[in-house]
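K.L.:
just need the structure, nothing else, for what follows:
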Amino acid sequence: MSVSSDLVSWPDIAEEFTADGTALLVGNGASQNVWSRFGYASLIEEANLTRADRTVFREFDTNSFEAVLSRLANAIRVCEILAPCIVAHLEKRYESVRQALISGVSAVHIPATKLPDAVIEAIALAIKPHGRVYSVNYDLLIYWAIQQLVGTQPGVTDFCRGTLFVEPDPLERDYDDRLQTFFLHGGIHLYTDADGNVRKLKNEPGRTILDQFAQLGMSTTGLVPLLVGEGTSERKMDEIRGSRYLAFAHRCLEQQVGCLTVFGHSLSTEDRHIVEAIAAVEDRRIAVSVWPRLADAKVRAEKARVLAQLPMSDVVFFASNTHPLGSLALTVAEL
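P.N.:
Got it, this is the predicted structure:
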């Protein structure tokens, strides 16, 4: 079957995909629309990479942390069988790049002082109609938008009581009438304490969440930032299974029914666990955003790639710039 380059406009399908029981999956494209430095090129410029780390990026000819981590993970797996003597060296490089990713995320993040209130309010309005919002982004944009919705109707939950994540009882229905939010790969505001509990950061007098996150990365008290920085999908799932919060969030995505909107996420091989989770429900309607300024051939190729990964789903593709999260009005200029 031939695939056209046609993309529908979001307003034409918005009513169906924001009805009761619908969900939204938000990827890095949404964040880059607000602040271009969330892109990979900015991360590598700001990350605290060693000379050896930069050599790896240069030899792989990429600015993508995910690509480098993925290839190092594969190299470790091969060398465990064929050359165990160099595994420790590869693991050291892997951890060095992973820690640099943490430092880079902090460095490129838009300061709260530069972010207009109107942008966060617009993001809050865009996510509010959905029953559930899943984010794969590390940044604070969705978290800040959630704070805008606290105290509104029908309400919002991130499943934290105070700062502590508490997994709800499966029979508990208290959250059914609230906007439920999940950070599938962790986030700047989340960390694991010395007892293995997942907690969230809140602004404190004189210390923003970004300030606290930077200190977490250097902490010797057993507090660990909750960021899934693994390269391959398999590595990411290992990290997810090792965290009660992340496992809970991923399980909720797997069990999600009803229409799903995917915005700003490539559904790439590195996130195959995400693809498999959303493909688990047959005949579900899924709306996937595509950047409309691509050449027609690239639009067709992108649509064909996604359709091949979601063969049991009823997929519709829409132009990303027609969605509220893709509006140029959200873009903050770097000054």
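
K.L.:
relative to R132, how far out is the closest residue to R235 other than its chain neighbours?
P.N.:
Using CB to CB, 6 or more residues apart in numbering and skipping the chain neighbours, the partner closest in space to R235 is A73 (5.0 Å). For every residue, glycine as well, the C-beta is placed using N, CA and C. With distances taken as CB to CB, to the nearest Å, A73 is found 30 Å from R132.

K.L.:
could you do I44 as well?
P.N.:
Counting by CB to CB - I44 and R132 are separated by 33 Å.

K.L.:
ditto for F17
P.N.:
As judged by CB to CB, F17 and R132 stand 13 Å apart.

K.L.:
does R37 touch S106 like I think?
P.N.:
No: R37 sits out of contact with S106 when judged by CB atoms under 8 Å, with a separation of 11.8 Å.

K.L.:
per-residue confidence at the residue in the chain sticking out farthest from the centre?
P.N.:
Note on the chain: the largest C-alpha distance from the chain mean falls to C85, namely 35.2 Å (CA atoms, centre = their mean). pLDDT, the model's per-residue confidence, is 95 for C85.

K.L.:
then it would be within a helix, right?
P.N.:
Yes: remark: C85 belongs to a helix, assigned using DSSP: H, G, I helix; E, B strand; the rest coil.

K.L.:
the closest residue to C252 other than its chain neighbours: neighbouring residues, count only.
P.N.:
Nearest residue to C252 in three dimensions, chain neighbours excluded: F182, at 5.9 Å (CB to CB, 6+ apart). Around F182 there are 23 other residues, counting by other CB atoms under 10 Å.

K.L.:
what do you get for I120?
P.N.:
Neighbouring residues of I120 were enumerated by other CB under 10 Å; the total is 22.

K.L.:
tell me who's in contact with it.
P.N.:
With contacts defined as CB atoms under 8 Å, 6 or more residues apart in numbering, the neighbours of I120 are L141, W144, A145, Q148.

K.L.:
just the C-alphas of whatever helix or strand it lives in, formatted as CSV.
P.N.:
In the assignment (DSSP states H and E), I120 maps to helix 117-127. Provided in CSV are the C-alpha atoms of helix 117-127 (Å, rounded to 0.1, in the frame of the first residue of the first chain):
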residue,chain,number,x,y,z
ASP,A,117,4.4,32.6,32.3
ALA,A,118,2.3,32.6,29.1
VAL,A,119,4.4,29.7,27.7
ILE,A,120,3.9,27.5,30.7
GLU,A,121,0.2,28.5,30.8
ALA,A,122,-0.2,27.5,27.1
ILE,A,123,1.5,24.1,27.7
ALA,A,124,-0.8,23.5,30.7
LEU,A,125,-3.8,24.3,28.5
ALA,A,126,-2.5,21.9,25.9
ILE,A,127,-2.1,18.9,28.2
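
K.L.:
give the buried residues for it.
P.N.:
Going by neighbour count (16 or more other CB atoms under 10 Å), the buried part of helix 117-127 is V119, I120, A122, I123, A124, A126, I127.

K.L.:
then stretch 74-91?
P.N.:
When neighbours are counted by 16+ other CB under 10 Å, the buried residues of stretch 74-91 are found to be A75, I76, C79, V87, L90.

K.L.:
thank you, goodbye.
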